[in-house]
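Visitor: Provided below for reference: sequence and predicted model.
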Amino acid sequence: MTPAERVRAAFDHVRRVDFLPPDQRGFAREDRAVPIGHGQTNSQPTTVLNMLDLLEAVPGHHVLDLGCGSGWTTALLGHIVGPTGSVHGLEIVPELAAWGRENLAAYDMAWADIVLANPGRLGLPEQAPFDRILVSAEAGAVPQRLVAQLAVDGVMVIPVAGRMCLVRRTAEGQSVEHHGFYSFVPLVEPDSD
């Protein structure tokens, strides 16, 4: 199965409706961002599909899902990497982190979890290196603290200054490709780690 086929299989298995507030579930099949509270949204399905296609996660990958909100992307990634991999969802809003954990629990993926982000630290350096990092919040520039958490040949997909970026860490540094224009909530970056 190709990475793109794995993404589509995950979309078939993990229902978006299970990750929306009750009053928003009627919008689950619409291709638009849906509010989930606390000024956050469940991203447009096409956007999530495009990001996961760029990420090219496969079974066995160790993945960080930064800004996981309701847990939908964490569950999608959990389905993709399977029990030989791991996914750590990271959310800075305590109420969303708790709700995301509840939503994820319904999918019984022991290899996927959601933790509350430490507001003074970007990412999960203690769990690094990651094969893949998905960021669902917009940075002003490529955060080097996250690049440092990638394994060599690891990939990060992140919106930066309105553009979707695919960042690949190499032995020599990094390469960045741009893939379209997107709008996201801003990434909360600490001044220092």
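Guide: Perfect, I can see it now. All figures in this text were calculated on a predicted structure; none of them were measured in a lab.
Visitor: can you give me the helices in the chain?
Guide: For the chain, helices defined by DSSP state H occupy the ranges 3-13, 45-55, 72-81, 94-105, 144-147.
Visitor: Tell me the buried residues in the fourth one?
Guide: Judged by neighbour count (16 or more other CB atoms under 10 Å), helix 94-105 contains these buried residues: 96-97, 99-101, 103-104. (Each C-beta comes from the backbone N, C-alpha and C, glycine too.)
Visitor: Kindly report the same for the third one.
Guide: Of the residues in helix 72-81, those scored as buried under the neighbour-count criterion (16+ other CB under 10 Å) are 72-81.
Visitor: Repeat that for the last one.
Guide: For helix 144-147, burial by neighbour count (16+ other CB under 10 Å) applies to 146-147.
Visitor: same deal with the first one?
Guide: Residues 6-7, 10-11 are the ones in helix 3-13 that count as buried (16+ other CB under 10 Å).
Visitor: ok and that helix relative to helix 45-55, angle-wise?
Guide: Interaxial angle, helix 3-13 versus helix 45-55 (axes from the mean of the first three to the mean of the last three CA atoms, to 10 degrees): 140 degrees.
Visitor: by contact count, what packs against helix 3-13?
Guide: Counting contacts by 3 or more CB pairs under 8 Å, 6 or more residues apart in numbering; DSSP states H and E, helix 3-13 packs against helix 45-55, helix 72-81.
Visitor: in this protein, which spans are strands?
Guide: Using DSSP state E, the strands of the chain run over 34-37, 40-42, 62-66, 86-91, 112-116, 130-135, 150-160, 163-170, 173-181.
Visitor: Any chance of these in CSV with mean neighbour count and mean pLDDT as columns?
Guide: Shown next, in CSV, are these (neighbours: other CB atoms under 10 Å; pLDDT from 0 to 100):
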stretch, mean neighbour count, mean pLDDT
strand 34-37, 18, 93
strand 40-42, 21, 91
strand 62-66, 25, 98
strand 86-91, 26, 97
strand 112-116, 20, 97
strand 130-135, 26, 98
strand 150-160, 20, 97
strand 163-170, 18, 97
strand 173-181, 12, 92
